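Engineer: need coordinates for the following:
(chains A and B)
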Amino acid sequence: MKIIVCIKQVPDAKDVRLDPETNTLAREGVQSIMNPYDQHALEEAVRLREELGGEVTVLSMGPPQAEDVLRQAISCGADRGVLISDRAFAGADTWATSYTLAKAVNKIGDFDLILCGKQAIDGDTAQVGPGLAIQLDIPFLTCIQKVRKANEKEIVMERMMDDGYDVVAVDYPVLLTVVKDLNEPRVPSLKGKMKSKKAIIEVLSAEDVGADSSCIGLAGSPTEVVDVFPPPPRGERAMLTGTIDEQVEQLVEKLAVYL
Amino acid sequence: MDYFLTEEQEMIVDIARQITDEKIIPNRAELDEKDEFPREILEAMGQADLFGIPIPEEYGGFGGGCLDIVLALEQLGRGCIGVATAFAASALGIYPIILSGSDEMKKKYLTPVAAGQKFAAFGLTEANAGSDASGIQTTAVLDGDEWVLNGTKQWITNGGEAQIYTIVAMTDKSRGARGASMFVVEDGDPGFSCGPKEKKMGIRASSTTELIFKDCRIPQDRLIGRKGTGFITVMKTLDSSRPGIAALGLGIGQACVDEATMYAKQRVQFNKPIISFQAVQHLLADMAIQLEASRALVYATAKHIDAHPKNMSKVSSMCKVMATDMAMKVSVDAVQVMGGYGYMREYPVEKMMRDAKILQIYEGTNQVQRNVIGQELNKEYSRK
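Structural biologist: Residues are numbered from 1 along each chain as shown, chains lettered A, B, ... in the order given. This is a model prediction of the structure:
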């Protein structure tokens, strides 16, 4: 089983700031982590490989320092890491990112399964996973909460819905995006850490993946961020105290003013 | 303070820290409250290769030394020494095999421990053989090609949970300490059973039981090393493992300094955070001094042991006494700094104080350690 896991290096959610000039996320001086949803995608990929054999490749698009999350992924069980990094990719929206990732996946070659986190905690769009599947012209399923059974032919899963879940069986190739209920990611192992120190991360440029320059980076992005602003402060609130009866009485009094 | 750890040692610290912060600390109060064995946490430690640290590389381990295991135990101890004791006791259980086992025995027992599939326990203590290990009454008699064990071990950590037990039994009572031998017993061996879990003051996440041998028959090749060398193996095992217990003391000490200092910065009395009062500052300062001094001795001792000196009993005992007496003192002081809140189960320091006490008792009481140090001093100065 050949599995590709797409992972993104994101600013730690405890430490998020906006660049006031560009209205994009300020990344300098902010602690970076592996997108939490992607950690679950990686864990599932490693478990599938442990069960079925094969190879787990982790793929990330980002600046050179995104190599760190690829090494982290290797310490948690991934076999190899590929970083797509090029100044020309800067400013990519979800469409351009999906396009670029698809080019890199084609470059990597053979795969049965692509796993992505449901969304990244910085952009929060949840578009890149499905976008990548469309670019690759393969089926996709989102919000996978449990893998019930997997073999060389098919994978049977639970897809989270608003009011429960669907049980879905699909054959390969397929792209899945996953939620946090899926599994509990492992702590890196000592042997994994040693392997990750020595691992060679393949770095691919726009040219390496054969990307059309009009489809990548800011120029290739149809999305334009017009404005980013903090939500307006909430109006005045009052807390009612006392027994339920007392609170009801107070509430009625307050509402009566508007009658 | 920077101890100039190697890259590998930094990795061990990182992994143990992550397990402690993510898996141990969020669960420790519940494990303590329910007397629950931390099976899932131990599995995570196994997956992270921590059980492989003391195991030679040819048996799938990391081939680490005393300082490596000390660093891991210090981090785990910062979270919960109940959980860390379960881990440490497994390392203790395999030490006799590492030190004196045959190649075949090492392959059979060390490989699954390194892979995190099995863990071990060490069976020395009996009702009448605690500090005086020579009072052992469990016997092993060769009958055909099998050893037959009879007797009862008491207060054995990981009892009922481990799959591999290293047991001290007398093969020739008339020879005293020279008549003791060590054996491997597996769970499921005929005639071997474990008693109910003991109810303890602290380290309640760890399992402590009796091991009962009633005509327990095991194959001849379960003898560790040569017949009659059991006591030497025990002494060597304990010499190598004592700094690990000292490391648990460092873990508790660090956790107590962290908790008490953070609390003192937040707690306001007389319109000031209590850390601005000199009485509190001095308590915290003394805690920090004792912790750092203990850490320096424990690390230095571990490095000394890693250089394979001829005799390490004295320093090994010294670091155990210092770091565990420190843990007791510092945990009592942490409760004091935190006052009524410190005494409540809502805060972690009351558990740390209950847990710390065992460190002064197990793997040789601190009185016995002082005996060892005193006897070594006596020997050293007789030679001068």
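
Engineer: list the buried residues for the longest helix along chain A?
Structural biologist: Ranked by residue count and defined by DSSP state H, the top helix of chain A is helix A:36-52. Judged by neighbour count using 16 or more other CB atoms under 10 Å in any protein chain shown, the buried positions of helix A:36-52 are A:36-49. (C-beta placed from N, C-alpha, C; glycine too.)

Engineer: now the element after that helix, going C-ward?
Structural biologist: strand A:55-61 (DSSP states H and E).

Engineer: give me the packing partners of the next helix or strand along the chain from that following strand, helices and strands only.
Structural biologist: Later in the chain than strand A:55-61, the nearest helix or strand by DSSP H and E is helix A:67-75. Counting contacts by 3 or more CB pairs under 8 Å, 6 or more residues apart in numbering or on different chains; DSSP states H and E, helix A:67-75 is packed against strand A:32-34, strand A:55-61, strand A:80-84, helix A:190-198.

Engineer: out of the ones you listed, which comes closest to residue B:304?
Structural biologist: helix A:190-198 (23.8 Å; CB to CB).

Engineer: and the closest one, what's its mean pLDDT?
Structural biologist: The average pLDDT within helix A:190-198 is 93.

Engineer: elements contacting that helix?
Structural biologist: helix A:67-75, helix B:7-19.

Engineer: and for residue 28, the neighbour number?
Structural biologist: The chain I'm using is chain A. 7 (other CB atoms under 10 Å in any protein chain shown).

Engineer: actually it's chain B I care about, not the one you picked
Structural biologist: 24.

Engineer: separation between the residue of the stretch 1-150 of chain A found nearest chain B and residue A:203?
Structural biologist: At 8.7 Å from chain B, residue A:75 is the closest residue in the stretch 1-150 of chain A, using CB to the nearest CB. Residue A:75 sits at a distance of 19 Å from residue A:203 (criterion: CB to CB, to the nearest Å).

Engineer: can you give me the buried ones in the longest helix belonging to chain B?
Structural biologist: Under DSSP H, the helix in chain B containing the largest number of residues is helix B:230-266. Using 16+ other CB under 10 Å as the test for burial, helix B:230-266 gives B:230-234, B:236-257, B:259-261, B:263-264.

Engineer: for stretch A:124-138, same thing?
Structural biologist: A:126-133, A:135-136, A:138.

Engineer: stretch A:210-220 too?
Structural biologist: In stretch A:210-220, counting by 16+ other CB under 10 Å, buried: A:211, A:215-217, A:220.

Engineer: contacts for that stretch next, please.
Structural biologist: Stretch A:210-220 has contacts (CB atoms under 8 Å, 6 or more residues apart in numbering or on different chains) with A:86, A:88-92, A:95-96, A:99-100, A:103, A:107, A:206.

Engineer: ok, of those residues, which come out buried?
Structural biologist: By 16+ other CB under 10 Å, these give A:86, A:88-89, A:91-92, A:95-96, A:99-100, A:103, A:107, A:206 as buried.

Engineer: would you mind giving the residues you listed as CSV with secondary structure, distance to chain B and pLDDT added?
Structural biologist: Putting the buried ones among the contacts of stretch A:210-220 into CSV (DSSP: H, G, I helix; E, B strand; the rest coil; distance: CB to the nearest CB, whole Å; pLDDT from 0 to 100) gives the following:
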residue, secondary structure, distance to chain B, pLDDT
A:86, coil, 31, 93
A:88, helix, 35, 90
A:89, helix, 31, 89
A:91, coil, 34, 86
A:92, coil, 32, 89
A:95, helix, 36, 93
A:96, helix, 35, 92
A:99, helix, 36, 94
A:100, helix, 32, 94
A:103, helix, 35, 93
A:107, helix, 32, 93
A:206, helix, 34, 91
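
Engineer: and the furthest pair within those residues?
Structural biologist: Applying CB to CB across these, the maximum distance is between A:91 and A:107, 21.9 Å.

Engineer: number of nearby residues for the closest residue to chain B within chain A?
Structural biologist: Residue of chain A nearest chain B, by CB to the nearest CB: residue A:190 (3.7 Å). By the criterion of other CB under 10 Å, residue A:190 has 24 neighbours.

Engineer: what sits against the closest residue to it other than its chain neighbours?
Structural biologist: The shortest distance from residue A:190 to any non-neighbouring residue, by CB to CB, 6 or more residues apart in numbering or on different chains, is to residue B:49 (3.7 Å). Residues near residue B:49 by CB under 8 Å, 6+ apart: A:189-192, B:15, B:62, B:114, B:116.

Engineer: picking that back up, the inter-axis angle of the longest helix of chain A versus strand A:55-61?
Structural biologist: Relative orientation of helix A:36-52 versus strand A:55-61 (axes from the mean of the first three to the mean of the last three CA atoms, to 10 degrees): 160 degrees.

Engineer: for helix A:36-52, output the C-alpha coordinates as PDB.
Structural biologist: Provided in PDB are the C-alpha atoms of helix A:36-52 (Å, rounded to 0.1, in the frame of the first residue of the first chain):
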ATOM      1  CA  PRO A  36      -3.100  18.900  14.500                       C
ATOM      2  CA  TYR A  37      -5.500  17.200  12.000                       C
ATOM      3  CA  ASP A  38      -2.600  16.200   9.900                       C
ATOM      4  CA  GLN A  39      -1.100  14.300  12.900                       C
ATOM      5  CA  HIS A  40      -4.200  12.100  12.900                       C
ATOM      6  CA  ALA A  41      -3.900  11.500   9.200                       C
ATOM      7  CA  LEU A  42      -0.200  10.500   9.600                       C
ATOM      8  CA  GLU A  43      -1.000   8.200  12.500                       C
ATOM      9  CA  GLU A  44      -3.600   6.400  10.500                       C
ATOM     10  CA  ALA A  45      -1.300   6.100   7.500                       C
ATOM     11  CA  VAL A  46       1.400   4.600   9.800                       C
ATOM     12  CA  ARG A  47      -1.100   2.100  11.300                       C
ATOM     13  CA  LEU A  48      -2.200   1.100   7.800                       C
ATOM     14  CA  ARG A  49       1.300   0.500   6.700                       C
ATOM     15  CA  GLU A  50       2.100  -1.500   9.900                       C
ATOM     16  CA  GLU A  51      -0.900  -3.700   9.100                       C
ATOM     17  CA  LEU A  52      -0.700  -4.000   5.300                       C
END
